[in-house]
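[1] only the shape, not the letters, is given here:
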């Protein structure tokens, strides 16, 4: 892995996970040798190495002298893969993504039991336009969150190979990519929701939103069928997303536990939910 900038140039506010992404394999190995004595500092390095093994193609060069994650655990960390999984699980539970990023401030925790392979999130982005007294401003409809707080959220337990679908508007695209990185996912592609009806905007009459797709480990769709990336469905009430997209996710990823973060209303039986406006009753239940 080539380094495109030195660690010394990284800004102080970047997280341990961000720093790990810029390290060479050898630097990561040096850091994780003492990981079991300094879990809070070194776990991002172990997670980064595991992700590199997951992305590694068969027959490619070895990483730190090992051809697989299992071989790395045994030969270089001197622990069984099972023991590593136990430590990583404890780290995810106690010091999840961004847990140390809030510098002692309150961190929003998603306390939903289970290990999830599929995540769908529609964060309450803060646009900072309450003072403009614009009727469609998000702050006039629900409580929003600064991107720093979204990045620092403590997520539920996530499977080693998982996929994240993250809603964003074009204005918040850059912030959304920051959230994806903070949550330890890698951006892959996106779907475009053409809302048909126009909204006002500062630079154009915006009529679409983006559903970003990101993965952790290896998590391609379970079916080989390619679906259209642009979907035209007229918008309804403010911020409401068409049920079609949740159904599309179920079609692409029929296997594994799934959860919707910042959910509103009720969800289908196969979905767990979390959010201020989430209703525990299920769709179709009486």
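    The structure has been received and is ready for your questions. Quantities reported herein were computed from a predicted structural model and do not represent experimental measurements.

[2] who does residue 215 form a beta bridge with?
    In this entry, residue 215 is beta-bridged to residue 163, residue 186, by DSSP bridges.

[3] got the phi and psi for residue 149?
    phi -70, psi -30 (degrees, to the nearest 10).

[4] and the closest residue to it other than its chain neighbours, how close does it get to residue 126?
    Excluding its sequence neighbours, the residue lying closest to residue 149 (Cβ to Cβ, 6 or more residues apart in numbering) is residue 108, at 6.4 Å. Any C-beta I mention is one placed from the backbone N, CA and C, and that applies to glycine too. To residue 126, residue 108 is 14 Å away according to Cβ to Cβ, to the nearest Å.

[5] compare the two (neighbour count), which wins?
    The neighbour comparison of residue 108 against residue 126 (other Cβ atoms under 10 Å) goes to residue 126, with 19 against 15.

[6] quick check: next helix or strand after the lowest-mean-pLDDT helix or strand in the chain?
    Lowest mean confidence among the helices and strands of the chain (mean pLDDT, DSSP states H and E): helix 81-94, at a mean of 59. Going down the chain from helix 81-94, the next helix or strand is strand 115-121, by DSSP states H and E.

[7] contacts for that next one, please.
    155-159, 161-167, 219, 245-246, 249, 253, 255-262, 272 (Cβ atoms under 8 Å, 6 or more residues apart in numbering).

[8] let me know how buried residue 78 is, in neighbour terms.
    10.

[9] on that earlier part again, list buried members of the contacts of strand 115-121 by neighbour count.
    By neighbour count, with 16 or more other Cβ atoms under 10 Å, the contacts of strand 115-121 hold 155-159, 162-167, 219, 245-246, 249, 253, 257-262, 272 as buried.

[10] restricted to strands, list those.
    Of those, the ones assigned to strands by DSSP state E are 157-159, 162-167, 258-261, 272.

[11] got those residues as TSV, with pLDDT columns?
    Formatted as TSV, those follow (pLDDT from 0 to 100):
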residue	pLDDT
157	92
158	94
159	93
162	96
163	97
164	98
165	98
166	97
167	96
258	96
259	96
260	96
261	95
272	93
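
[12] farthest pair within these?
    157 and 167 (22.1 Å; Cβ to Cβ).

[13] could you say which helix or strand contains residue 150?
    Short version, using DSSP H and E: residue 150 is in helix 147-151.

[14] try residue 175
    With DSSP H and E as criterion, residue 175 is part of helix 173-182.
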